[in-house]
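Visitor: 3D model of this:
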Amino acid sequence: MYTISEIQNIVFIDIETVPLAKSFSDLDKTYQKLWEDKHQTFRDENTTATSSFESRAGIYAEFGKIICISIGYLNVLKYRRNFRIKSFASDDEKELLKQFAAILKKNFNTKKHNLCGHNIKEFDIPYICRRMLVNGLEIPKILDVGGVKPWETQYIDTLQLWKFGDYKSYTSLKLLAHIFNIDTPKDDIEGKDVARVYWQENDLNRISTYCQKDVLTTAQLLFKFNQIPLLQENEVTFLK
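Guide: A predicted model of the protein is given here:
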């Protein structure tokens with residue numbers, strides 16, 4: 001269980017990713033062959049390497065890139081709660097990763113701080129770290145798990161909290177939001193739509209808004225898990 005004081009030291013995060021290129025044909029020949037090899041591991045006879053690249057490449061750090069990272073954190077001043085949300089969104093992955101790393105190092109760089117997300121241990125954190133290495137960036141201390149025991153990582157995963165030790169299944173943020181009566185973040189686009197909205201519609205702002213909603217929903221879910229009243233609209237601030 002987490003108290004309000006402890007939640008003030010938690011940074012809620014979510015990332016949005018897309019394939020490295022608009023289409024399979026835009027890859028160089030070596031990358032095409034590497035994706036064809038990857039495609040063979042799917043054992044899906046109903047798709048081709050071309051179609052699977054557009055639908056699945058974004059979830060792999062070796063074949064995708066990050067286009068948006070949103071963060072949220074809680075401030076409580078004189079008993080008034082204020083949850084602040086900020087996004088780093090750009091076509092330039094290296095630049096947005098540098099900005100994200102800088103804010104972690106400046107404001108969230110102690111042992112008391114934790115990162116929280118839904119499926120953060122399996123997806124968001126590994127993806128961020130891998131893409132930082134690809135871009136030649138230093139991994140911030142709070143993200144670096146080298147030599148750290150699993151129970152010493154500074155991560156809180158709402159998916160793992162909900163599992164209560166059960167490893168049989170995955171429960172989506174959308175489903176948990178529904179059963180806990182939290183406003184769903186999936187009221188416009190969903191994860192499967194991000195690549196299309198980015199590569200075909202060039203609408204990074206729309207993706208950023210979607211990412212911010214996921215951050216807010218994850219925070220609300222942790223509040224629910226800890227019997228804390230949900231944030232109200234006037235308690236949420238979106239920072240530019």
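Visitor: Mind jotting down where the helices sit in this structure?
Guide: For the chain, helices defined by DSSP state H occupy the ranges 4-7, 29-40, 49-56, 93-107, 125-134, 158-163, 173-179, 194-199, 204-225.
Visitor: and the third one with helix 29-40, angle?
Guide: Calculated by axes from the mean of the first three to the mean of the last three CA atoms, to 10 degrees, helix 49-56 forms an angle of 80 degrees with helix 29-40.
Visitor: And helix 49-56, what's buried?
Guide: Neighbour counts over helix 49-56 (16 or more other CB atoms under 10 Å) mark 49, 52-54, 56 as buried. For glycine as for every other residue, the C-beta is placed from the backbone atoms N, C-alpha and C.
Visitor: From one end of stretch 170-189 to the other, what's the distance?
Guide: 20 Å (CA to CA, to the nearest Å).
Visitor: Give the residue spans of the protein that score low on pLDDT.
Guide: For the chain, the stretches with pLDDT under 70 are 150-151, 184-187.
Visitor: Report back the residue of it that's furthest from centre.
Guide: residue 78 (30.9 Å; CA atoms, centre = their mean).
Visitor: before we move on, back to that, among the helices of the chain, show me which one is buried the most.
Guide: Compared across those, helix 204-225 shows the largest average neighbour count, a mean of 21 (mean count of other CB atoms under 10 Å).
Visitor: Residue 3: what's it in contact with?
Guide: When contacts are counted by CB atoms under 8 Å, 6 or more residues apart in numbering, residue 3 is found next to residue 226.
Visitor: how close does it get to residue 162?
Guide: As judged by CB to CB, to the nearest Å, residue 3 and residue 162 stand 20 Å apart.
Visitor: Residue 211 contacts residue 70, doesn't it?
Guide: Yes: at 4.2 Å, residue 211 and residue 70 qualify as touching, with contact defined as CB atoms under 8 Å.
Visitor: Overlap of the contact sets of those two?
Guide: 14-15, 87.
Visitor: between these, which is closest to residue 95?
Guide: Ranked by distance to residue 95 (CB to CB), the shared contacts of residue 211 and residue 70 are led by residue 87 at 13.3 Å.
Visitor: tell me, how many neighbours does the residue nearest to residue 220 when sequence neighbours are not counted end up with?
Guide: Spatial nearest neighbour of residue 220, excluding adjacent residues (CB to CB, 6 or more residues apart in numbering): residue 182 at 4.7 Å. With neighbours defined by other CB atoms under 10 Å, the count for residue 182 comes to 21.
Visitor: next one: residue 91
Guide: Residues lying near residue 91 (other CB under 10 Å) number 11.
Visitor: was I right about it contacting residue 204?
Guide: Yes: look at residue 91 against residue 204 with CB under 8 Å: they come within range, at 7.3 Å.
Visitor: where do the contact lists of those two overlap?
Guide: In contact with both residue 91 and residue 204: residue 67, using CB under 8 Å, 6+ apart.
Visitor: Put the alpha carbons of stretch 140-154 into PDB.
Guide: What follows is stretch 140-154 as a C-alpha-only set of coordinates in PDB (Å, rounded to 0.1, in the frame of the first residue of the first chain):
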ATOM      1  CA  PRO A 140      19.800   7.600 -16.100                       C
ATOM      2  CA  LYS A 141      20.500   6.000 -12.800                       C
ATOM      3  CA  ILE A 142      16.800   5.400 -12.000                       C
ATOM      4  CA  LEU A 143      16.500   3.300 -15.200                       C
ATOM      5  CA  ASP A 144      19.800   1.400 -14.900                       C
ATOM      6  CA  VAL A 145      19.200  -2.100 -13.500                       C
ATOM      7  CA  GLY A 146      22.700  -3.300 -14.100                       C
ATOM      8  CA  GLY A 147      23.800  -5.200 -10.900                       C
ATOM      9  CA  VAL A 148      20.500  -4.300  -9.200                       C
ATOM     10  CA  LYS A 149      18.500  -7.200  -7.600                       C
ATOM     11  CA  PRO A 150      14.900  -7.500  -9.000                       C
ATOM     12  CA  TRP A 151      13.400  -6.400  -5.700                       C
ATOM     13  CA  GLU A 152      15.600  -3.300  -5.600                       C
ATOM     14  CA  THR A 153      14.500  -1.800  -8.900                       C
ATOM     15  CA  GLN A 154      12.700   1.600  -8.600                       C
END
